[in-house]
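Undergrad: 3D model of this:
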Amino acid sequence: MSISKMQKTSGTLHNFLKIFCVLIFIVIAIEIFGIILLTVKPDNWFATEFSYARLFSPFINNVEDVTLSIPAIIMALVTNLLHNIALLCILLIAAAIFRDISHHYTPFSSRHISRLKGISLLIMADAILIPPLGMLLTMIFAPNVEAAMEFSLLQIVLAVVFYCLSQIFEYGGALQQQSDETL
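TA: Numbers count the residues shown, from 1 in each chain. The predicted structure is shown next:
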């Protein structure tokens with residue numbers, strides 16, 4: 001793969017990720033607006049529109065025909081907000097990696113290695129920390145709702161893959177440095 005092709009592809013990916021970040025940011029803003037609206041004025045139309053928290057939360061089971069309480073809806077929005085914030089951070093880090101590659105052909109820099117490790121940590125935190133937190137919040141603020149906790153094996157595997165990629169990039173950086181010193 002030529003350097004110019006890699007830079008062009010990285011630039012395209014950077015632009016795509018920026019657009020996706022804007023969309024996720026809009027979703028986060030809507031969720032924050034919903035949380036604030038339901039907290040300040042819980043008896044409005046918004047509560048009935050979002051009364052089926054199964055659309056929002058994997059932590060709430062058996063709600064197909066049950067209208068949930070306002071606290072249950074708020075907890076579902078909070079857990080989704082946490083997931084989306086983690087996703088936004090991951091996308092911003094990935095966009096920064098592709099931006100740097102498109103501007104400077106240095107895919108094996110130490111900056112990218114630490115960014116890949118950061119992505120793996122964020123994915124792992126999203127997979128391991130948010131499910132128990134969501135279930136705990138639902139149990140505390142909506143005790144009448146049956147709460148369940150589900151971990152995503154896919155996210156855990158992705159976290160390990162990104163960590164391994166950071167190790168591969170670290171090795172590639174060492175090889176590139178040896179090559180540069182040889183020349």
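
Undergrad: number of nearby residues for His103?
TA: 12 (other C-beta atoms under 10 Å). Every residue, glycine included, has its C-beta placed from N, CA and C.

Undergrad: pLDDT score for it?
TA: Each residue has a pLDDT score; the one for His103 is 87.

Undergrad: can you give me the buried ones in the strand or helix carrying Val157?
TA: Assigned by DSSP states H and E, Val157 belongs to helix 153-182. Neighbour counts over helix 153-182 (16 or more other C-beta atoms under 10 Å) mark Gln155, Leu158, Ala159, Phe162, Tyr163, Leu165, Ser166, Phe169, Glu170, Gly173 as buried.

Undergrad: that one - contacts with which helices or strands?
TA: For helix 153-182, the elements it packs on are helix 110-128, judged by 3 or more C-beta pairs under 8 Å, 6 or more residues apart in numbering; DSSP states H and E.

Undergrad: let's see 10 Å
TA: helix 70-103, helix 110-128 (3 or more C-beta pairs under 10 Å, 6 or more residues apart in numbering; DSSP states H and E).

Undergrad: give the buried residues for the longest one.
TA: Using 16+ other C-beta under 10 Å as the test for burial, helix 70-103 gives 70-95, 97-102.

Undergrad: kindly report the same for stretch 21-30.
TA: Applying 16+ other C-beta under 10 Å to stretch 21-30 flags Cys21, Ile24, Ile28 as buried.

Undergrad: convert that stretch to PDB, retaining C-alpha atoms only.
TA: Taking Å, rounded to 0.1, in the frame of the first residue of the first chain, the C-alpha atoms of stretch 21-30 are listed here in PDB:
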ATOM      1  CA  CYS A  21     -19.100  11.700  16.500                       C
ATOM      2  CA  VAL A  22     -21.500  14.600  15.700                       C
ATOM      3  CA  LEU A  23     -24.400  12.100  15.400                       C
ATOM      4  CA  ILE A  24     -23.500  10.400  18.700                       C
ATOM      5  CA  PHE A  25     -23.100  13.900  20.300                       C
ATOM      6  CA  ILE A  26     -26.700  14.700  19.200                       C
ATOM      7  CA  VAL A  27     -28.000  11.500  20.700                       C
ATOM      8  CA  ILE A  28     -26.100  12.300  24.000                       C
ATOM      9  CA  ALA A  29     -27.700  15.800  24.000                       C
ATOM     10  CA  ILE A  30     -31.200  14.300  23.500                       C
END
